[in-house]
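Q: Provide a 3D model corresponding to the input given below.
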Amino acid sequence: MDITMVILRLIHIFGGAYWFGSGMLAVFVVEPFAKTVGAEGERFVGRLLSQSKYSPYMGISAVLTTLSGVLMYWRDSGGLQAAWIATNAGIALTIGGAAGIGAWLVGMLVHAPASARLAAIAKEMGNGAPTPAQIEQIRAVQGKLKQGNAWETVLMVVTLIGMAVARYV
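A: Coordinates of the predicted model:
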């Protein structure tokens, strides 16, 4: 038994499950619900991002999942041996891994700054109603998040497909 691979795989699976599950909950439940309730929903999302561990936990799970995946890929590929990468399993894991890294990049380049901005606006608002300028800022940031969420969702689904079929192709 290769204990290093067992540990990396456990980190990868649990981190990925948290990252994917939390992301899908946000995209398919929290965002649509917040949109339907208007200003209260915007306030809730602001508080979620500024007063909970949601954003840091998402970042930690994304980093752990990505790093453990890269390390497992390196080991499985024998240090990026082209002969292994060109196998059906290697191709599936390469596509899945590239999509996973893409999802991580979207998170770091789009979600992290947008979430930080929403948290800052929520702190500015306190318990009061948002000003018209804050509403405009919130909507602009939400637009970036929505676009980022769409890309991240697609990339994560491609990642899951690649990982799920690699052993069987």
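
Q: what about residue 127, which SS state?
A: Assigned with DSSP: H, G, I helix; E, B strand; the rest coil, residue 127 falls in the coil class.

Q: State the helix or strand in which residue 32 lies.
A: Using DSSP states H and E, residue 32 sits in helix 31-36.

Q: List the buried residues in whatever helix or strand comes next after that helix.
A: For helix 31-36, the succeeding helix or strand toward the C-terminus, using DSSP H and E, is helix 39-51. Applying a neighbour-count criterion of 16 or more other CB atoms under 10 Å, the buried positions in helix 39-51 are 41-43, 45-50. Bear in mind the C-beta positions are built from the backbone N, C-alpha and C, glycine included.

Q: Using a markdown table, please lay out these together with pLDDT.
A: Below are these laid out as a markdown table (pLDDT from 0 to 100):
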| residue | pLDDT |
| --- | --- |
| 41 | 81 |
| 42 | 75 |
| 43 | 76 |
| 45 | 79 |
| 46 | 76 |
| 47 | 79 |
| 48 | 83 |
| 49 | 77 |
| 50 | 77 |
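
Q: The helix holding residue 32 packs against which elements?
A: Packing partners of helix 31-36 (3 or more CB pairs under 8 Å, 6 or more residues apart in numbering; DSSP states H and E): helix 39-51, helix 132-165.

Q: which helices and strands does whatever helix or strand comes next after the first one pack with?
A: This points to helix 39-51. Tracing the chain C-terminally past helix 39-51 and defining elements by DSSP H and E, one meets helix 54-76 next. Here helix 54-76 touches helix 3-25, helix 88-106, helix 112-125, going by 3+ CB pairs under 8 Å, 6+ apart.

Q: mean confidence for helix 54-76?
A: Confidence for helix 54-76, expressed as mean pLDDT, is 94.

Q: Output the contacting helices and strands for the very next helix or strand once past that helix.
A: Using DSSP H and E, the next helix or strand after helix 54-76 towards the C-terminus is helix 82-85. For helix 82-85, the elements it packs on are helix 88-106, judged by 3+ CB pairs under 8 Å, 6+ apart.

Q: So for residue 96, what's the pLDDT?
A: So, for residue 96, pLDDT stands at 97.

Q: make that residue 91, sorry
A: 97.

Q: To what extent is the residue nearest to it when sequence neighbours are not counted buried, counted in neighbours?
A: Computed as CB to CB, 6 or more residues apart in numbering, the closest residue to residue 91 that is not its neighbour in sequence is residue 85, at 7.3 Å. Residue 85 sits with 16 neighbouring residues when counted by other CB atoms under 10 Å.
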